[in-house]
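> Let's see this in three dimensions:
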Amino acid sequence: MKHNFQNNVFVNFLDQSTTEEALIAKFSQTGEIVNVRLIRKPNRNFISATVLYKDFDGAQKAIQRFHDSRELCGNKPLLVDVWMPHEEMKHEQQQKTHQEFERLLNSLMKMQMGN
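Take a look at the predicted model:
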């Protein structure tokens with residue numbers, strides 16, 4: 001099966017006792033899961049995870065259902081969002097920074113023209 005990044009969701013700030021089985025039980029409510037990967041980093045009191053769905057529809061349903069839902073997994077609320085490869089995330093952040101810079105520059109130019 002070809003890996004499709006659009007079928008992934010990112011889950012953050014999970015309790016350290018969270019298991020793959022618990023995530024499968026929770027996220028299989030919105031679609032068929034292919035894989036769950038827990039991400040543990042040293043010196044953090046939480047873990048993250050990626051949940052790979054068989055199709056895009058399952059991932060979208062998970063985001064719609066769990067993003068900002070305050071639904072719990074263990075004793076912490078689920079924080080779910082679209083998962084992006086690091087390079088794509090970096091590119092998106094650069095675009096946002098560039099757009100913000102242009103907005104500020106336009107504001108400054110309008111202020112100068114008003115003087």
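> Remind me which helix or strand the spatially most central residue of the chain belongs to.
Geometric centre of the chain, nearest residue: D81, 2.9 Å, by Cα atoms, centre = their mean. Applying DSSP states H and E as the criterion places D81 in strand 79-82.
> Sheet partners, orientation included, of that strand?
Partners of strand 79-82 in the sheet, by DSSP bridges, are strand 8-14 (antiparallel).
> other SSEs contacting the following helix or strand past the strand it pairs with?
Note on strand 8-14: by DSSP H and E, the next helix or strand toward the C-terminus is helix 20-27. With contacts taken as 3 or more Cβ pairs under 8 Å, 6 or more residues apart in numbering; DSSP states H and E, helix 20-27 sits against strand 8-14, strand 33-39, strand 47-53, strand 72-73. (Glycine included, C-beta is placed from N, CA and C.)
> between those strands, which one is nearest to L104?
strand 8-14 (29.5 Å; Cβ to Cβ).
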